[in-house]
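>>> any chance you could fold what I've pasted below:
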Amino acid sequence: MKKNQIDRVWRWQITASAAAALLIACLLGVGFGPVNLDFGSIIRTLLGLPNGLENEDRTLLLELRLPRVVLGALVGAALATSGAVYQSVFRNPLADPYLLGVASGAGLGATIAITNGGGDLHALLPIFAFLGGVLAVAATFLVAGRLFADPSTLLLAGIAVGSFATAFQTYLQQRNSAALRPVYSWILGELTVANWDVVKWAGFYILIALAVLIRISKVLDALMLSDEEAYSLGVSPQKIRMIAVAAATLATATAVSASGLIGFVGIVVPHLVRGLTKRATNHPLLSIAFVGAAFLVIADLGARTLLSPAELPIGVITAFVGAPFFLFVLRARNRGSQ
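Alright, predicted model coming up:
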């Protein structure tokens with residue numbers, strides 16, 4: 001068997017394993033909680049077979065846990081994939097999905113929605129957060145001076161825009177002290193507002209963005225090289241960079257608007273998958289999406305059950321896992337550069 005065929009089979013085996021891990025995580029997510037549900041009954045209910053769940057248990061599964069698990073999987077896939085893409089675009093293994101000011105902009109938008117306090121907050125908050133994230137990235141490109149700015153310029157512009165948005169957000173919080181608790185609850189990440197309406201609109205944008213990123217995953221590796229080397233391979237780095245950043249930003253802004261700020265997923269998962277596959281490339285991008293989805297579903301399960309009946313912010317769980325992993329990656333990188 002030729003080397004290319006072996007690599008192809010290997011990649012599909014990894015992808016199938018990641019998909020299986022996601023399926024298991026989803027079953028655990030819908031089965032466990034303050035009230036545990038029978039797995040056999042869950043499967044029969046989902047397949048429309050007789051002897052499934054009934055009454056309150058059926059409502060608990062279909063209207064509460066299932067949309068929450070699906071939303072968690074979508075958000076996890078979006079953040080993990082976006083993190084992998086940003087690491088290629090910025091040629092930095094420690095890059096995360098929030099580099100271009102998406103997080104700060106979304107936080108500012110959410111704070112504006114919460115402090116104004118008018119209308120249906122659950123409906124307004126995702127809209128304001130999404131608009132804030134997108135406008136922050138647009139401002140980053142504006143500050144950078146041109147749409148096809150080099151990665152280092154974009155990175156510095158993102159830091160500047162993010163700092164400004166964070167400063168304005170802090171100002172609003174100090175003027176409206178009653179809003180501090182809901183703002184910080186949102187900043188730490190939560191999936192408590194998950195319902196099928198949120199799943200539908202978030203899934204629409206996230207799946208479109210993921211489809212674009214997976215479609216261009218083979219040429220993303222060229223962005224790890226210099227622009228001159230990428231041109232020599234027949235790849236336009238500016239065009240690919242623009243498409244990659246736009247799609248990753250759409251996925252990240254949607255994820256943040258639906259769930260709040262959940263850190264470390266975009267750092268932990270790409271490095272974990274690349275370490276398991278022994279590939280420092282973007283070829284396993286679909287596997288990264290599956291593992292990111294599974295990771296966040298399990299993290300949400302921990303957030304729901306560790307202090308039951310109380311609930312931890314999901315960002316606390318991902319930080320407990322992600323912070324030590326981040327230090328490990330940083331240490332390994334420094335050791336490799338010596």
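>>> can you count the residues close to residue 196?
As a burial measure, residue 196 scores 13 neighbours (other Cβ atoms under 10 Å). The C-beta positions use only the backbone N, C-alpha and C, and glycine is treated the same way.
>>> what values do phi and psi take at the residue nearest to the spatial centre of the chain?
Centroid-nearest residue in the chain: residue 79, 1.8 Å away (criterion: Cα atoms, centre = their mean). Backbone torsions for residue 79, taken as degrees, to the nearest 10, come to phi -70, psi -40.
>>> skip the chain neighbours and tell me the closest residue to it.
residue 265 (4.1 Å; Cβ to Cβ, 6 or more residues apart in numbering).
>>> next, count neighbours for the one you found.
Count around residue 265 with other Cβ under 10 Å applied: 32.
>>> who's in contact with it?
Residues in contact with residue 265 (Cβ atoms under 8 Å, 6 or more residues apart in numbering) are 76, 79-80, 83, 97, 292, 295-296, 318, 322.
>>> try residue 277
Residue 277 neighbours (Cβ under 8 Å, 6+ apart): 10-11, 14, 284, 287.
>>> again, 6 Å this time
For residue 277, the contacting residues are 14, 284, by Cβ atoms under 6 Å, 6 or more residues apart in numbering.
>>> ditto for residue 297
Per Cβ under 6 Å, 6+ apart, neighbours of residue 297: 25-26, 29, 69, 72-73.
>>> can you give me the distance of it to residue 265?
11 Å (Cβ to Cβ, to the nearest Å).
>>> on that earlier part again, between the contacts of residue 265, which sits nearest residue 191?
The closest of these to residue 191 turns out to be residue 296 (Cβ to Cβ; 8.6 Å).
>>> burial count for that closest one?
33.
>>> wait, doesn't it sit right on residue 72?
Yes - between residue 296 and residue 72 a contact is recorded at 4.9 Å, counting by Cβ atoms under 6 Å.
>>> in the chain, where's the longest helix?
helix 3-31 (DSSP state H).
>>> could you tell me how far that one lies from the centre of the chain?
Chain-centre distance of helix 3-31: 19 Å, with Cα atoms, centre = their mean, to the nearest Å.
>>> where do the strands of the protein begin and end?
Assigned by DSSP state E, the strands in the chain number zero.
>>> pLDDT below threshold where in it?
Along the chain, segments meeting pLDDT under 70 span 1-8, 117-122, 146-150, 278-283, 333-338.
>>> for the residue nearest to residue 168 when sequence neighbours are not counted, give me its contacts.
Ranked by Cβ to Cβ, 6+ apart and with sequence neighbours excluded, the top spatial neighbour of residue 168 is residue 108, at 5.9 Å. Contacts for residue 108 (Cβ under 6 Å, 6+ apart) come out as 132, 165, 168-169.
>>> so which of those is the most crowded?
Counting neighbours by other Cβ under 10 Å, residue 132 leads the contacts of residue 108 with 28 neighbours.
>>> how about that residue: what's its closest non-neighbour residue?
residue 109 is the one closest to residue 132 (Cβ to Cβ, 6+ apart), at 2.4 Å.
>>> quick one: neighbours of residue 233, just the number.
As a burial measure, residue 233 scores 11 neighbours (other Cβ under 10 Å).
>>> that one: what's it in contact with?
Applying Cβ under 6 Å, 6+ apart to residue 233 gives the contacts residue 222.
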